[in-house]
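A.B. asks: Just to be clear, the model below is a prediction. Sequence and coordinates:
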Amino acid sequence: MSASIAPRSYENTPPLKVAFIGLGAMGYPMAGHLVAAGHQVCVYNRSPEKASRWAAEFNGATAPTPALAAAAADIVFCCVGNDDDLRGVLTGKDGAFSGMKPGALCVDHTTASADVARELYDTARSAGLRFLDAPVSGGQNGAVQGVLTIMCGGDVDDFTQAEPIMQAYARATTYMGASGSGQLCKMVNQICVAGVLQGLSEAIAFGKTAGLNMEKVLSVISKGAAQSWQMENRGQTMVTNQFDFGFAVDWMRKDLGLVLDEARRNGASVPGTALIDQFYAEVQKMGGGRWDTSSLITRLPQPTQPG
């Protein structure tokens, strides 16, 4: 198995012909897991060189357009950057929808708006196709390890078909409800992540300023009520100001923008999230757009070295 994805066990599912559109930090290993699970995978990527590299690494196939990648597929998976990217690869003359066979299913792993999920669901249905919004959580490492969490919106029968295939790169797949529900669930996830990281940033900066040994502090409090995934996986690197990895600030700002747009639409109050979004804007101005989201701490005064 390629070194780009972690070895793991796969469920016994019949091999299918599938397409994967978008080979970014997430899509590249996810598509590789589908090959490892025994499926025939054809990929499309905007930069063909990356698609060719993936095909050589995983012994898969490539296509020059989304439509051609999708032509023989039972299921088309997609993971791109935003709403406009998603429309671009799915609709139009060369979009995947134009090439999919009648009744085929599109599973979209992009973190996008609930509105575009509902729009593409309706477009697919009108064309005799099916569509699930299925954003993921777990980051690049989760994609490599094949342990993503997937939250799905759409028709439950479509989820039932896709679930065993998604197990190639997921440890948890959950049906959330009607079209758009998966994207709304991902927004809830990002609100929680942003809040935890801001609290952890303030706590570590406070502890360092107070002269505490923060490695020891985190070891102690991670055994109690303050414990979180972010503390376990990012606490020590925040103490030592290491941020050249992980989920980028630019991506988090895109996601929080989706949250704020949806909140304006549905009337939800998210003042803390709006404030943290502006904190991330400060990190971007510091040149940290590609730093990990735990870099929120960089905007807080703190001693250079741990206490």
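C.D. replies: Nice, I can see it.
A.B. asks: Export the helix or strand encompassing Lys216 to PDB, keeping only CA atoms.
C.D. replies: Using DSSP states H and E, Lys216 falls within helix 214-221. Only the C-alpha atoms of helix 214-221 are listed here, as PDB (Å, rounded to 0.1, in the frame of the first residue of the first chain):
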ATOM      1  CA  MET A 214       2.700  24.400  30.500                       C
ATOM      2  CA  GLU A 215       3.700  20.900  29.500                       C
ATOM      3  CA  LYS A 216       3.000  19.800  33.000                       C
ATOM      4  CA  VAL A 217      -0.200  21.900  33.200                       C
ATOM      5  CA  LEU A 218      -1.600  20.300  30.000                       C
ATOM      6  CA  SER A 219      -0.700  16.800  31.300                       C
ATOM      7  CA  VAL A 220      -2.700  17.400  34.400                       C
ATOM      8  CA  ILE A 221      -5.800  19.200  33.100                       C
END
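A.B. asks: What helices and strands are in contact with it?
C.D. replies: When contacts are defined as 3 or more Cβ pairs under 8 Å, 6 or more residues apart in numbering; DSSP states H and E, helix 214-221 packs onto helix 181-209, helix 229-239. The way it works is simple: take the backbone N, C-alpha and C, and place the C-beta from them, glycine included.
A.B. asks: closest one to Asn59 among those helices?
C.D. replies: Asn59 lies closest to helix 181-209 among the helices and strands packed on helix 214-221, at 30.8 Å (Cβ to Cβ).
A.B. asks: Direction-wise, compare that closest one with helix 229-239 and give the angle.
C.D. replies: For helix 181-209 against helix 229-239, the angle by axes from the mean of the first three to the mean of the last three Cα atoms, to 10 degrees is 40 degrees.
A.B. asks: distance between helix 181-209 and the chain's centre?
C.D. replies: Offset of helix 181-209 from its chain centre (Cα atoms, centre = their mean, to the nearest Å): 16 Å.
A.B. asks: list the buried ones in it?
C.D. replies: Across helix 181-209, burial judged by 16 or more other Cβ atoms under 10 Å covers 181-187, 189-191, 193-194, 196-201, 203-205, 207-208.
A.B. asks: Pairing partners for the most centrally placed residue in the chain in the sheet, please.
C.D. replies: For the chain, Val136 is the residue whose C-alpha lies nearest the centre (Cα atoms, centre = their mean; 4.3 Å). Legend: beta-bridge partners of Val136 under DSSP bridges are Ile150.
A.B. asks: got a list of what it touches?
C.D. replies: Met26, Cys79, His109, Thr111, Gly142, Ala143, Leu148, Thr149, Ile150, Met151, Ala170, Lys186 (Cβ atoms under 8 Å, 6 or more residues apart in numbering).
A.B. asks: Could you say which helix or strand holds the closest residue to the first one other than its chain neighbours?
C.D. replies: Just to be clear, that refers to Met26. Using Cβ to Cβ, 6 or more residues apart in numbering and skipping residues adjacent in sequence, the residue nearest Met26 is Ala143, 4.6 Å away. Using DSSP H and E, Ala143 sits in helix 139-145.
A.B. asks: All set now, cheers.
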